[in-house]
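Participant: for reference, the sequence and a predicted model appear below.
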Amino acid sequence: MAGPILVFDSGVGGLSVVQALRRRLPEAALSYACDNAMLPYGRREDAWLVQRIQAVCQAAVAASNCRALVVACNTASTLALDALRECLTIPVIGTVPAIKPAAAASRTRHIGLLATSATVSRPYTLQLIHDFAADCRVTRVAADDLVGEAERLVTGESPDREVIRRALAPLWAGSTADLPDLDTVVLGCTHFPLLRRWLAEAAPREVAWIDSGEAIARRVAQVVAVPATRQGPEPSFITAPDERLGRGLSAFGFAAPRHLQPA
């Protein structure tokens, strides 16, 4: 029997990808795993992270009996996709910042990249900008505090609007009379689409917010031809006990999380 599609993230950011998968594949069975014991990944050492991501994903794949793994985390994808594909026998789908569609959508040729500090300056990200947005002004902003606000939202608290306003402020600070207004913002962390309503409220003008969720869902639909059928609450896995996180996962259709013990 076909197994579920496993979505993995360091925290709740992968739930934005779950939303996209539900829209694209509404009947598909999913599982969710997050390494909440080590959140946030973006502030940890690269070599250590690769080993940790491999260990957590191997344990989650075994526990879920999944048929495909979606690495719904930009940091994990840029670091560990090759390592995961070497150690797993199932398809592994990664996440990259949506630079290409943002550049295609921008009319002013001035786009923003809102991501974690681990993503905004990585060589992989800079290469994406070079390859797909060479004719654009790209304002890169590290917004690590937004990760915590998304975690707060999913675990039942209201996001702090002032934290969000401060995180976005550098996007608008570079505008001058000689520079076209920024009109498109890449949400380069999967946590950030969960805050889309609050981001739009904090912006001084209307901009397009573009994330990778739909592209990931399209790719999954291509790779996983016959996913298992969804039947009631689905399995979820966390690496540290957290009752509030369990309640948040239930709002996305997942059962009470099981404790995951990486090797």
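Facilitator: All right, it came through fine.

Participant: count the neighbours of the nearest residue to Arg218 once chain neighbours are set aside for me.
Facilitator: Distances taken as C-beta to C-beta, 6 or more residues apart in numbering place Arg24 nearest to Arg218, at 6.6 Å, with adjacent residues excluded. (Glycine included, C-beta is placed from N, CA and C.) Arg24 has 16 neighbours, counted by other C-beta atoms under 10 Å.

Participant: Arg24 contacts Arg219, doesn't it?
Facilitator: No - contact criterion C-beta atoms under 8 Å: Arg24 and Arg219 do not qualify, at 9.8 Å.

Participant: flag the shaky bits of the stretch 151-263 of the chain, pLDDT-wise.
Facilitator: Scanning the stretch 151-263 of the chain for pLDDT under 70 picks out the ranges 174-179.

Participant: quick one: the helices in it?
Facilitator: 161-173, 196-202, 213-223, 243-250 (DSSP state H, counting those that start in this stretch).

Participant: of all those, which one is nearest Ala103?
Facilitator: Of all these, it is helix 213-223 that lies closest to Ala103, at 13.8 Å by C-beta to C-beta.

Participant: re earlier: would a markdown table of the helices of the stretch 151-263 of the chain with distance to Pro101 and mean neighbour count be doable?
Facilitator: Listed next are these as a markdown table, based on distance: least, C-beta to C-beta, whole Å; neighbours: other C-beta atoms under 10 Å:
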| stretch | distance to Pro101 | mean neighbour count |
| --- | --- | --- |
| helix 161-173 | 18 | 16 |
| helix 196-202 | 16 | 16 |
| helix 213-223 | 7 | 18 |
| helix 243-250 | 29 | 17 |
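
Participant: okay, the ones you listed in a markdown table with distance to Ala104 next?
Facilitator: Shown next, in a markdown table, are those (distance: least, C-beta to C-beta, whole Å):
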| stretch | distance to Ala104 |
| --- | --- |
| helix 161-173 | 19 |
| helix 196-202 | 20 |
| helix 213-223 | 12 |
| helix 243-250 | 34 |
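
Participant: what's the domain layout of the protein?
Facilitator: Taking automatic domain parsing as the reference, the chain has its domains at 5-95+214-259, 99-211.

Participant: and the longest one, how far out from the chain middle?
Facilitator: By that I understand domain 5-95+214-259. From the chain centre to the centre of domain 5-95+214-259 is a distance of 10 Å (C-alpha atoms, centre = their mean, to the nearest Å).

Participant: now do the last one
Facilitator: Taking C-alpha atoms, centre = their mean, one finds the center of domain 99-211 at 13 Å from the center of the full chain.

Participant: how long is that domain from one end to the other?
Facilitator: Across domain 99-211, the terminal residues are separated by 9 Å (C-alpha to C-alpha, to the nearest Å).

Participant: which stretches of the chain form strands?
Facilitator: Using DSSP state E, the strands of the chain run over residues 5-9, 30-34, 68-71, 92-93, 110-115, 137-142, 184-187, 208-210, 236-238, 258-259.
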